[in-house]
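[1] model this:
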Amino acid sequence: MTVRVAMVGCGFIGGIHSRALRGLVRGGLVDAEVVAFADEDVERARAFADAHGAVVATDDPGAALDGADAVWVCTPTSEHRRLVEQAADAGLAIFCEKPLATNLDDVEAMAGMVEASGVAHQVGLVLRAAAPVACVRDMVQQTGRPMATTPPGRPMAAVLRDDQYFPDQGQYGSTWRADVAVAGGGTLLEHSIHDVDVLAWVLGPVEEVSAHTANFAGHVGVEDVAVVTLRHASGATSSLVSVWHQILSRPSTRRLEVFCEQAMVWLDDEQSGPVRVADAQGERQVTAITARDWIGELAVPMSWRPGLAAYAAAGRGLACRRRPARCLAVGARWCCAPCWPPGWPLLSSGALPRSRCSRAAPATRPPAPARSESSSSATAGGVLGGGLSGSLTARRLRRSGRCGR
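    Here you go, the predicted structure:
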């Protein structure tokens, strides 16, 4: 049966998912079609619809959901709960961008609703589907095919640096990310939720967290610096530095280093790699699978494939199945379709966000003095210890009621 997909939110991330889905459909990699688009800017929705040959372009999400089997929720974060509830009530499979919500109560309510409704559900923590990241995990956990001449030993520590220019400008152009009521937070919640998920995926569940945030841009409640230390159940410790700056030549950029007892593994680009290792034999590049075999059949320009590969892998899973064919528990996470990557996070444990109307806005605000926020720490249990999906900042939200501020 052909899966009919609706997309709600036609901003920056909606455009990425739209291209990935179009490549999957036109490449014959899924039996699906994108039939409807909704956005508060109807002309934007119409442009997306025209690219897919879809008939429905509307500013009413309900109208887009009518006649669909699955929905991609790619709106600003504050709208996620309402749209997920609407889709679950209609029995649609759901892909929701991260983070799931602006607060932990909404996250838990959304997770409970999709579980109770029985619909297939997925959250867009797509770095798990990025081949270089998966390669680092395989090496650290010593799973899959051998990638090093000697075992790396137990993981000891990891450092992940994630920076990009403030996403209210440039290619992102999502002005809502400067509004805490819509975004829920800044670089840690809205962007580095990916990084927290990766660190827990590579090193194991998190047991303890300490963090310090700061605000240089002056947007109330929206941190643009976060320094986080995580202690994992494996005994390893990881450090995350997340920054939203004003260097317009640097879009989203990550460097991940993992130190094990007998080796160091690192990468400078989570999408294209390469992965490198240093051990007793010296330093070398790891020959890793850089894309799934079927990525070569993705019907998009070749230059787009590396950037779309993780999104296409995520989209292919949900578009292949309207309802779960089987469930596989992986820690506190669930995979609900055979073609999803092992350990793929679903709504019941995870989170992704984006823009419905992402117009570029020049930075005209005057410089503001940096404000340093107080450090906080917490023992990570419950949500944080299992499905990390937003839980790091979600726990902070619960503790103070306003993003730890």
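[2] pLDDT below threshold where in this structure?
    For the chain, applying pLDDT under 70 flags the ranges 144-149, 287-293, 319-405.
[3] again, only using 50
    In the predicted model, the chain carries pLDDT under 50 at residues 290, 322-342, 344, 348-372, 374, 379-405.
[4] how about the helices in it?
    The residue ranges that make up the helices of the chain, judged by DSSP state H, are 12-26, 42-52, 61-65, 80-89, 104-117, 131-141, 180-183, 193-203, 305-320, 391-400.
[5] elements contacting the second one?
    By that I understand helix 42-52. Using 3 or more CB pairs under 8 Å, 6 or more residues apart in numbering; DSSP states H and E as the contact criterion, the secondary-structure elements in contact with helix 42-52 are helix 12-26, strand 32-38, strand 56-58. Every C-beta, even on glycine, is put in place using the N, C-alpha and C of the backbone.
[6] what's the last one in contact with?
    Looking back up the chat, that one is strand 56-58. Outside strand 56-58, the residues that touch it by CB atoms under 8 Å, 6 or more residues apart in numbering are 6, 35-38, 42, 45-46, 48-49, 63-64, 67.
[7] what does the longest one give?
    The list of residues contacting helix 12-26 from outside it, by CB under 8 Å, 6+ apart, reads 5, 7, 10, 29-30, 32-34, 39, 48, 51-52, 72, 74, 95, 97, 124, 171-174, 298-300, 304, 307-308, 311-312, 314-316, 319, 352-356, 358.
[8] picking that back up, out of the helices of the chain, which is the most enclosed?
    helix 193-203 (a mean of 26; mean count of other CB atoms under 10 Å).
[9] That helix packs against which elements?
    Helix 193-203 is packed against helix 131-141, strand 155-165, strand 206-215, strand 225-232, strand 237-245, strand 253-260, helix 391-400, with contacts defined by 3+ CB pairs under 8 Å, 6+ apart.
[10] Residue 30 and residue 317, how far apart?
    9 Å (CB to CB, to the nearest Å).
[11] what do you get for residue 209?
    From residue 209 over to residue 317 (counting by CB to CB), the distance is 30 Å.
[12] ditto for residue 295
    In this structure, residue 295 and residue 317 are 14 Å apart, going by CB to CB.
[13] Next: residue 76.
    In terms of CB to CB, residue 76 sits 24 Å off from residue 317.
[14] same question, residue 277
    For residue 277, the distance to residue 317 - CB to CB - is 30 Å.
[15] and what of residue 57?
    Residue 57 is 26 Å from residue 317, where distance means CB to CB.
[16] same thing with residue 16?
    Residue 16 sits at a distance of 16 Å from residue 317 (criterion: CB to CB).
[17] before we move on, what about residue 129?
    Using CB to CB, which is the criterion applied here, residue 129 is 9 Å from residue 317.
[18] Next: residue 268.
    Distance of residue 268 to residue 317, computed by CB to CB: 28 Å.
[19] what's the answer for residue 122, then?
    The value you get for residue 122 to residue 317, if CB to CB is used, is 7 Å.
[20] ditto for residue 272
    Distance from residue 272 to residue 317, counting by CB to CB: 22 Å.
[21] now do residue 130
    15 Å.
[22] Not counting residues beside it along the chain, what's closest to residue 141?
    In space, and not counting its chain neighbours, residue 141 is closest to residue 202: 7.5 Å by CB to CB, 6 or more residues apart in numbering.
[23] which ones are touching the one you found?
    Taking CB under 8 Å, 6+ apart as the criterion, residue 202 is in contact with 133, 136, 137, 140, 141, 155, 158, 258.
[24] go with 7 Å
    If a contact means CB atoms under 7 Å, 6 or more residues apart in numbering, then residue 202 has 136, 137, 140, 158, 258 as its contacts.
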